[in-house]
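Undergrad: Task: produce atomic coordinates for the following.
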Amino acid sequence: MTVNLAKIASQKKIKYFLISFVDLFGVLRAKLVPAQAINEMAKNGAGFGGFATYLDMSPADSDMLAIPDPASLIQLPWQPEIGWLASDCYMDGKIVEQAPRVILKRQIDKLAEKNMVMQSGVECEFFLLNEDGTEISDARDVAAKPCYDQSMLMRRYDLIKEICDSMIKLGWKPYQNDHEDANGQFEMNWNYSDCLTTADRHVFFKFMVKSIAEKHGFRASFMAKPFPNLTGNGCHAHVSVWDKKKKKNLFEDTDDEMGLSKLGYSFIGGLMKSADCFSALFNPSVNSYSRIGASNTISGATWSPSTVTYTGNNRTHMVRIPDTGRFEVRHADGCANPYLLQAGLLALGLDGINNNRKPGKRLDINMYTESHKAKRVKKLPTDLESAIKLFQNSDVVKKAFSSKVVSNYVKLKKRELKEFSKQPEIHAYDWQRNNAIDC
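TA: Have a look, this model is predicted:
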């Protein structure tokens, strides 16, 4: 059924639409379209020069057309005359394979063949900085253990309230907000959904937080490790797989000690086999590897994994099972592309399910103090170059994604590494790139 976006615009008093897509580096691109032209754009797409974005295209290529998905429509709560639309990209009548939303939808289709859908939620950590983005915004936020500090949280009440009110208005069902483990760091949680909806909302959430922060005279950053002595920004994902028709959680098994089904353990088995090879997606920047396996911060812990292990309700491992019927993956950081994060999780899970992977023995030790007791466990890569090599050479990656997707991504990442190698000062480069891709 064709959706009349012009009619919806009239009903909701929307004057303009942002027709948006995300490139391989996670940059949100858009064109601002007046409501009177939206039906034409919905049919034929908004035109972009693909070479001008991180999609590994040529200036000689045809126009890339972003065709909006009406189901993704979000009316900006702080600027309701504007509607935001996630889009899928086409060129010469064919889908653009390396567009991240398309990459995710291909993985969703593979799982749908099994009559299954992945439900997921994300925990997006971010820093609130001064307007220049050079230091945290609250000079009094200096506690050694600032996590959950009520006073520091309430000094940013007006900003946090506006973001949370926006999510309530959008129907996302937000349920808690807190000051996180680093000075100046916050986290806001909303309800889980199917992984495409979660990815679309993740994209919009980052845009929304940045926009509302700027409105209040601050700057928000999802950069993996903005400050060497403070805990970095993680992006933990909670995962379950459901029967698409019966709407039943297929990960839930009340007879299991952890409340997880054999299907759930097979999914984790996929993670245990190849999560290291997907670090290039989950930890996509040079700065990401300042977070992975970092030394303890002033709070006393990094809260990030360095090995491929799983456990029960224990935050020192890459995967933890905090409750029945789901698990948490703590691998990704704040710079992860929302679509590639979900696509990577799905690809790993599909490999585990298709091959009945066994995750091995659960480890119930403190990996920050007792990791020497864990024998023959995989280490996560400690730099982007190593991560790219693992990604490029992985059979699981090659089976999950087309050769074009892999080659495009690797080519762009190698170019990024080359630029990095020319920089005289590493942390300055991290900040510069953070500013450029808007982490």
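Undergrad: Return the residues in contact with residue 208.
TA: Taking C-beta atoms under 8 Å, 6 or more residues apart in numbering, we find residue 208 in contact with 76, 77, 78, 163, 166. C-beta coordinates here come from the backbone N, C-alpha and C atoms, glycine included.
Undergrad: Pick out the one among these with the largest number of neighbours.
TA: Neighbours here mean other C-beta atoms under 10 Å. Within those, the largest count is held by residue 163, at 24 neighbours.
Undergrad: Now do the same for that residue: its pLDDT.
TA: We have a pLDDT of 98 for residue 163.
Undergrad: Can you classify it by secondary structure?
TA: When classified by DSSP: H, G, I helix; E, B strand; the rest coil, residue 163 comes out as helix.
Undergrad: Name the nearest residue to it, ignoring sequence neighbours.
TA: Among residues not flanking residue 163 along the chain, residue 212 sits closest, at 5.4 Å (C-beta to C-beta, 6 or more residues apart in numbering).
Undergrad: Could you give the backbone dihedrals for that neighbour?
TA: phi -70, psi -30 (degrees, to the nearest 10).
Undergrad: For it, grab the count of nearby residues.
TA: Counted by other C-beta under 10 Å, the residues lying close to residue 212 total 20.
Undergrad: ok, it touching residue 161?
TA: No - at 10.0 Å, residue 212 and residue 161 do not qualify as touching, with contact defined as C-beta atoms under 8 Å.
Undergrad: surely residue 183 meets residue 143?
TA: Yes - with contact defined as C-beta under 8 Å, residue 183 counts as touching residue 143 (7.2 Å).
Undergrad: Looking at the two now, which is surrounded by more residues?
TA: Ranked by neighbour count (other C-beta under 10 Å), residue 183 and residue 143 place residue 183 first, with 25 against 14.
Undergrad: Excluding chain neighbours, what is closest to the more buried one?
TA: Nearest residue to residue 183 in three dimensions, chain neighbours excluded: residue 141, at 4.6 Å (C-beta to C-beta, 6+ apart).
Undergrad: Now the nearest residue to residue 98 once chain neighbours are set aside: which helix or strand?
TA: In this structure, residue 98 finds its nearest non-sequential neighbour in residue 408, 4.4 Å apart by C-beta to C-beta, 6+ apart. Assigning secondary structure by DSSP states H and E places residue 408 in helix 403-421.
Undergrad: give me the low-pLDDT residue ranges for the protein?
TA: Applying pLDDT under 70 to the chain picks out residues 1, 300, 424-438.
Undergrad: what's near enough to touch the residue nearest to residue 183?
TA: Taking C-beta under 8 Å, 6+ apart as the criterion, residue 141 is in contact with 149, 152, 155, 183, 184.
Undergrad: name the element the second one belongs to?
TA: Under the assignment given by DSSP H and E, the secondary-structure element containing residue 152 is helix 150-154.
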